[in-house]
Each structure stands twice: as C-alpha cells, then as structure tokens.
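Provide a 3D model corresponding to the input given below.
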Amino acid sequence: MSPIAAPTGDNKVADWLSHPVAGPVVREWLTSQGASERSLAPAKRFTFNKLIKLSGGRFTQDMLDQMMAETARRMVDGDAVPVPVDDAPAESVRHAPVEAPEWVEKVTDGRFTGKTVVVTGAGSGIGRATASRVAREGGRVVALDISEPRLKEFAAEHDGLDITVVTADVTKDEDIAAVLEAAGGRIDALANVAGIMDNMTPLGEVTDEVWERVFAVNVTGVMKLSRAVIPLMLAAGQGSIVNVASEASLRGSAAGVAYTASKHAVAGLTKSSGFMYGPHGIRVNAVAPGGVATNIGETLRYDSELAQERLETAMAILPTPVTPDQLAASICFLLSDDGVNINGVVLPSDGGWSAV
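Next comes the predicted model:
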C-alpha cells in the first residue's frame, strides 16, 4: 500500500479530478470561474501542461501553480487525508486500453508546389495550421484574416516561405476584391476556415444580432469568397474548395441554434457546389471538426441556462479535443490532388464523435 501522490502538470485532468485532495481543489477553482466539472469533460485526457498550451491563455501556469500549492497545503495540514491505494493494479486497470502515442505531423514535400492556395482565418487556430502546412508543402499561400497583428506574427514565423498576407473581412466585397488581386489571377485551391461561434442560445432565446452576425461570417462570407474564385477555377478547368463545417452541421447537440443552422448551411452549400461544378474539374468538400483547441472558444459563453444544462450534458461524450494541426491534415488532404476522387463530401474529422 502507498499514499496517493500530489498530482503535477504532467498528470491528466482526469487524474486531478479523481484525486481525493486535488479533485476538490479543481472543482472549487471551476466554481470560482463560473464553470463546472462538465466543462472539463472534453479535456480530461490532456495533461494540465498540455491544457495550458492549447487553451489560448484561458488556463495559465499561474492557475496550475496555485492549485498545486493549495493541494500541497491541504495534504500537509491534513485538511483532507489521501486514501492509500493498493500498489497492485485492479483488474479493470490491468485491462485498460493502451493509449495511442501522440500524433506527429508528417509534411509531404512538394504536395502543393506550383499551386496558389487561399486560406481564410489564417491568423490563428485551424486556419493558421492549414496555411502553415500548405506553405511548408511548397504552395504559394494567400493568407487572410481579420486580425492584422496575427497575420504579421504568422508571416514572421514562416519567413522564407511563399506567403502573402491580406487583412480582410470575408463579409465585405472590397476585401474579397483585395484577396483576388493578391492572388494575381490564379487560385488553385481555397480553404474557407474563418468562422465564429454563437452564444449557445436556443431558438426561443436567440437574438437577431447573434443570428445575423453568425450567418454573415459562417455562411455569407463562405459564399462570397467561393463565388469570387469559381470563375478562375472554371477558366483553369480545375480547383479544390474545402469548407470548414462542424459537428454542428451533423447534429443538433453541439452548439446554439445560430451556429448549428449556419454550419448546416455550409454543408448544403458544399454538396450543391460539388454537384454543380464536379463535371468542370472543381471539387468542393467540407471537413466537420469535433472538439479542437482553437481560439474560437475564447468567446464561448452560455447566455442561456436551458442550453447550458442541455449541451454540457450532451458534450460529456465529446472525444478529447485535438490540435489545429490535426485538422489541417484532413483539410490539406482534401485540398490537394490526393483527394482526387472525393467531391461533395462532408468529412467528419472528429475522433469518432459522429459515430456515437
């Protein structure tokens, strides 16, 4: 028999929550943040150190240090006494599935050589990871985002690669014209990644402002930029467009009504366009991510008690969120010639969430 050691940043969130001393510390911290244990369900398989890296500043080293210090204090002061555990693993532990090794990106040299690829939302998250991979695989990237500082940072990190940055709002016609000018009359592929979340309100509570803003970015922006590049692709007799849909395009239990409806619209836009332009050499597909550690969640909030109770319960089965690089791998596959026989498809890239 041995005492339970105090967890560290190298321990998983699930280990912290199950610890008899650290568990209450984490739950008290969540309550102080206006959250609950259910909000950590998607991240339970992450270590706290990894959660810090993926959280976009929402969880910091200082927060972890405070929880570690409080756990240590309680264990020393005897505020809570750890329960001894048997060193011999229980039967259920001995037969637990072996965790897969961490995924490592494998760049395909030259996959986009000679191609001009436009990527929206390139300043952060999935868009940034996609633009980065295309550039590192030999493509010329026209990277656009609404945030100029993020774009400058992205370009600086990829000095020496063929990247043109354009500060643009995909809902504005003049900004789309600037993107086409930057592309120089040739666009071989387009990744429509830019998107915003809603405030998780259901139909009876959604405001006109939330509905219109979410649809403007998630649907109208995708339509406008795609519409603008289609003539160039028709003239070339080939092209590939990949839209970022969402698990919310496949189910009703992943977001509020505005975001869910907008991503269903993206799925419809994808299928209609794939059907219409397939005979002309243009493939139009979508990727439907599950949980991804991106900054889209920085503005995630529940403005509805009804929705919070309903959605947090449903999201308890959400697979562990993945990194933007992992989604970029799916997107780049469809963007590239490797996706040659795939058209009009909404591809779940969700760790199996859609199979539940």
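
Please list all residues in contact with residue 189.
Counting by Cβ atoms under 8 Å, 6 or more residues apart in numbering, residue 189 touches 112, 115-118, 134, 139, 239-242, 335-336. All C-beta spots, glycine's among them, are computed from the backbone N, C-alpha and C.

Report the residue spans of the stretch 201-350 of the chain with pLDDT below the cut-off.
Residue ranges of the stretch 201-350 of the chain with pLDDT under 70: 294-301, 314-319.

where exactly do the strands run in it?
When assigned using DSSP state E, counting those that start in this stretch, the strands of the stretch 201-350 of the chain occupy the ranges 239-244, 282-289, 346-349.

Which residues does the longest one contact?
Right, the one you point to is strand 282-289. Here strand 282-289 makes contact (Cβ under 8 Å, 6+ apart) with 126, 226, 230, 233-234, 238-247, 249-250, 263, 266-267, 270, 273-274, 277, 327, 330-331, 334, 339-340, 342-350, 354.

quick one: strands adjacent to that strand?
Sheet pairing of strand 282-289 (DSSP bridges) gives strand 239-244 (parallel), strand 346-349 (parallel).

Can you say which of these is nearest to residue 25?
With respect to residue 25, and counting by Cβ to Cβ, the nearest of these is strand 346-349 at 34.8 Å.

So the residue lying closest to residue 202 once chain neighbours are set aside versus residue 291, what's the distance?
Distances taken as Cβ to Cβ, 6 or more residues apart in numbering place residue 307 nearest to residue 202, at 5.2 Å, with adjacent residues excluded. Distance, residue 307 to residue 291, by Cβ to Cβ, to the nearest Å: 17 Å.

mind giving me the domain split of the chain?
The chain breaks down into these domains under automatic domain parsing: 13-94, 116-355.

most packed of those?
Mean neighbour count (mean count of other Cβ atoms under 10 Å) peaks for domain 116-355 among those, with a mean of 20.

how far is it from where the chain is centred?
10 Å (Cα atoms, centre = their mean, to the nearest Å).

Let's have the strands paired with strand 282-289 in JSON lines, adding distance to residue 44.
Formatted as JSON lines, the strands paired with strand 282-289 follow (distance: least, Cβ to Cβ, whole Å):
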{"stretch": "strand 239-244", "distance to residue 44": "25"}
{"stretch": "strand 346-349", "distance to residue 44": "20"}
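
Now do residue 134 against residue 308, distance only.
From residue 134 across to residue 308, the span is 38 Å (Cβ to Cβ).

Equivalent analysis for residue 114, please.
49 Å.

before we move on, what about residue 30?
Counting by Cβ to Cβ, the gap from residue 30 to residue 308 is 14 Å.

quick one, the longest helix seen in the chain and strand 282-289 angle?
When the chain is scanned for its longest helix (criterion: DSSP state H), the result is helix 257-277. In terms of direction (axes from the mean of the first three to the mean of the last three Cα atoms, to 10 degrees), helix 257-277 departs from strand 282-289 by 150 degrees.

Just the CA trace of helix 257-277, in PDB.
Provided in PDB are the C-alpha atoms of helix 257-277 (Å, rounded to 0.1, in the frame of the first residue of the first chain):
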ATOM      1  CA  VAL A 257     -29.300  27.400 -32.900                       C
ATOM      2  CA  ALA A 258     -27.400  30.100 -34.900                       C
ATOM      3  CA  TYR A 259     -24.100  28.300 -35.200                       C
ATOM      4  CA  THR A 260     -25.900  24.900 -35.800                       C
ATOM      5  CA  ALA A 261     -28.000  26.300 -38.500                       C
ATOM      6  CA  SER A 262     -25.100  28.200 -40.100                       C
ATOM      7  CA  LYS A 263     -23.000  25.000 -40.300                       C
ATOM      8  CA  HIS A 264     -25.900  23.000 -41.700                       C
ATOM      9  CA  ALA A 265     -26.000  25.700 -44.400                       C
ATOM     10  CA  VAL A 266     -22.300  25.200 -45.100                       C
ATOM     11  CA  ALA A 267     -22.900  21.500 -45.600                       C
ATOM     12  CA  GLY A 268     -25.700  22.300 -48.100                       C
ATOM     13  CA  LEU A 269     -23.500  24.800 -49.900                       C
ATOM     14  CA  THR A 270     -20.800  22.200 -50.100                       C
ATOM     15  CA  LYS A 271     -23.000  19.500 -51.500                       C
ATOM     16  CA  SER A 272     -24.700  21.700 -54.000                       C
ATOM     17  CA  SER A 273     -21.500  23.200 -55.300                       C
ATOM     18  CA  GLY A 274     -19.800  19.800 -55.500                       C
ATOM     19  CA  PHE A 275     -22.700  18.500 -57.600                       C
ATOM     20  CA  MET A 276     -22.800  21.600 -59.900                       C
ATOM     21  CA  TYR A 277     -19.100  22.000 -60.600                       C
END
